[in-house]
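Chemist: how would this look folded up:
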Amino acid sequence: MAYTRVWWWAQAQETAVVEGVTVGDRLLTPKEVADRLDVGPRTVRRWLRQGWLRGMRAGSLWRIRESDLANLKPFSFLSVEEAARRLDRSPSTVRSWLREGRLAGTKVGSRWRVQEQDTERLVAVDGLSASDAARRLSVRPSTVRGWVRDGRLKAEKVGGEWRLSEDDLLDFLRPRGSDAR
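Modeler: Numbering: from 1, shown residues only. The predicted structure follows:
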């Protein structure tokens, strides 16, 4: 009960009280946070439940410190169109990746928001596509995909497409039993 009383006092003062120490942070409602981030209050409450955003809870009421909101910045979101431009893919491909769970994001109303970190991860993986590797090896892309499925050629699946590193391709071309690099 004491915590609840401290909570309501802190709310009235618009400052956060942590273990009896007043910190100059203003407490924000999920609606205020939603307005700042251009998302809905239900999305903010979901982020709080999932741990993406830190907050305090008293009964059914959530409050978020402004400093905790600043910690959300590295966890920023992009529109589908912006993510598609960064990934050099079509918006429909990005939407299908979101639906399939291959790309992290959240739905805001009827629109998807893509986690910026996840697009950076996909860009970092980059490498060669199966078609690029096939051109270099003078074979068909289906042949390269078969070698990947058989485990003869290392590759990583990124958004439904196989990506190969230059080093893995060179290892594949090296004669078996050869230790020379």
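
Chemist: Lowest-scoring secondary structure element of the chain by mean pLDDT?
Modeler: Among the helical and strand segments of the chain, the one scoring lowest on mean pLDDT, DSSP states H and E is helix 2-13, with a mean of 43.

Chemist: What is the end-to-end distance of stretch 57-66?
Modeler: Start-to-end span of stretch 57-66 (Cα to Cα, to the nearest Å) is 15 Å.

Chemist: Please apply the same query to stretch 25-33.
Modeler: Stretch 25-33 end-to-end distance (Cα to Cα) = 14 Å.

Chemist: List the buried residues of the helix or strand harbouring residue 49.
Modeler: Assigned by DSSP states H and E, residue 49 falls within helix 41-50. Residues of helix 41-50 classed as buried by neighbour count (16 or more other Cβ atoms under 10 Å): 43, 44, 45, 46, 47, 48. Just so you know, the C-beta spots here come from the backbone N, C-alpha and C atoms, and that holds for glycine as well.

Chemist: mind putting these in JSON lines, distance to residue 36 and pLDDT included?
Modeler: Converted to JSON lines, the buried residues of helix 41-50 look like this (distance: Cβ to Cβ, whole Å; pLDDT from 0 to 100):
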{"residue": "43", "distance to residue 36": "12", "pLDDT": "82"}
{"residue": "44", "distance to residue 36": "10", "pLDDT": "86"}
{"residue": "45", "distance to residue 36": "15", "pLDDT": "87"}
{"residue": "46", "distance to residue 36": "16", "pLDDT": "80"}
{"residue": "47", "distance to residue 36": "13", "pLDDT": "79"}
{"residue": "48", "distance to residue 36": "15", "pLDDT": "84"}
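
Chemist: how about those residues in CSV, adding distance to residue 134?
Modeler: As requested, those are exported to CSV (distance: Cβ to Cβ, whole Å):
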residue, distance to residue 134
43, 43
44, 47
45, 48
46, 43
47, 43
48, 47
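
Chemist: Between which two of those residues is the distance greatest?
Modeler: 43 and 48 (9.8 Å; Cβ to Cβ).

Chemist: Can you tell me the SS state at residue 63?
Modeler: strand (DSSP: H, G, I helix; E, B strand; the rest coil).

Chemist: Hmm, residue 56 and it touching each other?
Modeler: Yes - contact criterion Cβ atoms under 8 Å: residue 63 and residue 56 qualify, at 5.1 Å.

Chemist: quick one: low-confidence ranges for the chain?
Modeler: Applying pLDDT under 70 to the chain picks out residues 1-24, 50, 71-75, 120-126, 158-159, 176-181.

Chemist: Residue 164: what's it in contact with?
Modeler: Counting by Cβ atoms under 8 Å, 6 or more residues apart in numbering, residue 164 touches 127, 128, 129, 130, 132, 133, 144, 148, 153, 154, 155, 156.
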